[in-house]
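> give me coordinates for this.
(2 chains)
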Amino acid sequence: MNAFFASVEQRANPALRGKAMAVIGSEHRGVVLSPSYEARAFGVKTGMTYGEAMRACPGLRLVSADPGKYSHACEELIAIWSDFSPLVELFSIDEAFLDVTGCEQFFGDPLRIAIGIKERVWNEKGLTCSIGIAPNKLLAKLGSDMQKPDGIVLISPGDADAVLENLPVRELCGIGPSLERSLAVIGIRTCGELGRAPLATLTARFGVVGERLRDMGRGIDDDPVASMEMEYEEPVKSIGHSMTLTEDCADIGTIERHVLHLAEKVGRRLRRGSYHGRMVSLTLRYADFHTFSRQRKLKHAVNHGLDIYAAVRGILRELRLAQPVRLVGVSISSLEKNFSQMPLFDDERKRKFIADAMDEINDRYGDFTVTWGTLAERCHHERIISPAWRPGGDRQY
Amino acid sequence: MKPGADFSADYGVCFPITRQVPFLGLTSEQMFSILVFMTVSLNESVSVSAVFSSGAVKPVWFSRKGKQIQIEEIALVWKTREGSTPILHFSVTDGQGLYELRYNTVTLSWRLAACA
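Presented below is the predicted three-dimensional model:
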């Protein structure tokens, strides 16, 4: 989708249509999440602070992000896409892959399908999208990024080499700045060079990923389009939550409060999915964006927020913070499904009873309707779209 | 406006971001925090006249502070959940102002969530 958040906000507010506007993450951090194309003409870009954005475009109108709108819009788009193919893989809240193999008999060739999708998305939702048509997901994603907004790019198998030959490696989905630098160190800057690079060189530098990288440089990608139903069949490996703090924080007490909040969210998802986990992990990102994690293996598998919190707090207290913290993350892995162990002791039974009761109330009235007193200030970050979000709610286990 | 005033997430005034010096006791960083957000957050109970047809609900007018506001356009409709309760949101305009109405499908009540 093109400028998705901004486009949805422009649909919601007629006064913003055709205007330079941008959706920002929060009034505290104020990073631009999605500028309209009118704002982009002034040089406003995703990731700018709103100060930078206002300097680039003094008349810029800013809107706080409203995830509820975007999630619902995504669900409606999925319904449209699903009318064209049963295999729809949601890549992000505004991107999806469709496998239209076998659908030609109903809707025509892939180009006609793409035109049909664009027409419906525009006519029914007033939104535009860019579509890439290709033999695989890697090239389709590349194609969709090549013509924005409102484009269609067809990359047939015979065209792939020519398209990729001089294309910077960074243009491929999955190659970010760090990998780009690592490839440049060994003299690889274009996809053509990557595709011709000796496998031994790549594996020596990048391990097992080396072969995958070479395939990417050649436009090869065998990863099938996985529908959401197929995703649910995959075992969950870890469950976690993270949050960017409204301001950088060096106070351990405040960070611990955020850890408790995150641990509660993780605990709820564990219980919902009937999981217990043994390996807890704390992730911190400093103000200079240096990010690191520390783990601890527990003697017993747990799914209670307080147990997770106790373990993560233990990790935190062993650290000496070098800088204020801007992001905190809590996750748990080494999961066991349907782990059943009846609480033996009275206090364990009481804790389970309380957790079940809290879950029941929060399921009915909303997360953190009932919570611990420490979290009474409701720092539950309504404006965040969880990575676990799926149409209809968080990922079902 | 008091120096160091703490503005809520959805309320503010836009200043041209041209000066880099402290103004009214606020740093330039704080100045950058004072923006026009298109809506003012509210949570007012309102009376709404709506048409329920073909499985959809369309607000027609609502009354606020003794005044009847006729809805000229329903710009966007979306659904969220509060726990297990589906909430319908309507971004509507009377041609002058923009309003967000929220309809609780369990209690069948309407609230004015925001206006601009």
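> what's the local residue count around A:Arg112?
12 (other C-beta atoms under 10 Å in any protein chain shown). Using the backbone N, CA and C atoms, a C-beta is placed for each residue, glycine as well.
> where does A:Gly366 land on pLDDT?
Looking at A:Gly366, its pLDDT stands at 82.
> check A:Lys350 too.
On the pLDDT scale, A:Lys350 gets 84.
> may I see the buried residues of the helix or strand containing it?
Assigned by DSSP states H and E, A:Lys350 belongs to helix A:346-365. Buried residues in helix A:346-365, counted by 16 or more other C-beta atoms under 10 Å in any protein chain shown: A:355, A:358, A:362.
> the domain parsing of chain A - what is it?
A:4-65, A:79-158, A:161-217, A:236-381 (automatic domain parsing).
> just name the most buried of those.
Comparing the domains of chain A by mean neighbour count (mean count of other C-beta atoms under 10 Å in any protein chain shown), domain A:4-65 ranks first with a mean of 20.
> I'd guessed A:Arg363 sits against B:Thr85; true?
Just to correct that, residue A:363 is Asp rather than Arg. No. Using C-beta atoms under 8 Å, A:Asp363 makes no contact with B:Thr85, being 10.7 Å away.
> count the neighbours of A:Asp66 for me.
23.
> that one touches A:Glu9, doesn't it?
Yes. Taking contacts as C-beta under 8 Å, A:Asp66 lies within contact range of A:Glu9: 7.5 Å.
> does B:Ser91 count as helix, strand or coil?
strand (DSSP: H, G, I helix; E, B strand; the rest coil).
> correct me, but it touches B:Ile74?
Yes. B:Ser91 is in contact with B:Ile74 according to C-beta under 8 Å; the separation is 7.4 Å.
> and these two? which has more neighbours close in?
Shown here are B:Ser91 and B:Ile74; by other C-beta under 10 Å, B:Ser91 has more neighbours (25 against 14).
> quick one: contacts for that one?
When contacts are counted by C-beta atoms under 8 Å, 6 or more residues apart in numbering or on different chains, B:Ser91 touches A:12-13, B:74-77, B:98-100.
> report pLDDT for A:Thr46.
So, for A:Thr46, pLDDT stands at 92.
> give me the element it is part of.
Applying DSSP H and E, one finds A:Thr46 in no helix or strand.
> next, the contact list for it, please.
A:32-35.
> before we move on, the earlier item: any chance of CSV for the contacts of B:Ser91, columns distance to A:Gln323 and pLDDT?
Shown next, in CSV, are the contacts of B:Ser91 (distance: C-beta to C-beta, whole Å; pLDDT from 0 to 100):
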residue, distance to A:Gln323, pLDDT
A:Ala12, 39, 95
A:Asn13, 39, 94
B:Ile74, 48, 97
B:Ala75, 44, 96
B:Leu76, 42, 96
B:Val77, 45, 97
B:Leu98, 42, 94
B:Tyr99, 44, 96
B:Glu100, 39, 96
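> looking at those residues, which is nearest A:Phe106?
B:Val77 (29.3 Å; C-beta to C-beta).
> tell me, how many residues neighbour that closest one?
Neighbour number of B:Val77 under other C-beta under 10 Å is 20.
> quick one, the strand or helix carrying it and helix A:346-365 angle?
Using DSSP H and E, B:Val77 falls within strand B:73-82. With axes from the mean of the first three to the mean of the last three C-alpha atoms, to 10 degrees defining the directions, strand B:73-82 sits at 170 degrees from helix A:346-365.
> tell me what strand B:73-82 is packed against?
Applying 3 or more C-beta pairs under 8 Å, 6 or more residues apart in numbering or on different chains; DSSP states H and E, one finds that strand B:73-82 contacts helix A:4-12, helix A:67-82, strand B:85-93.
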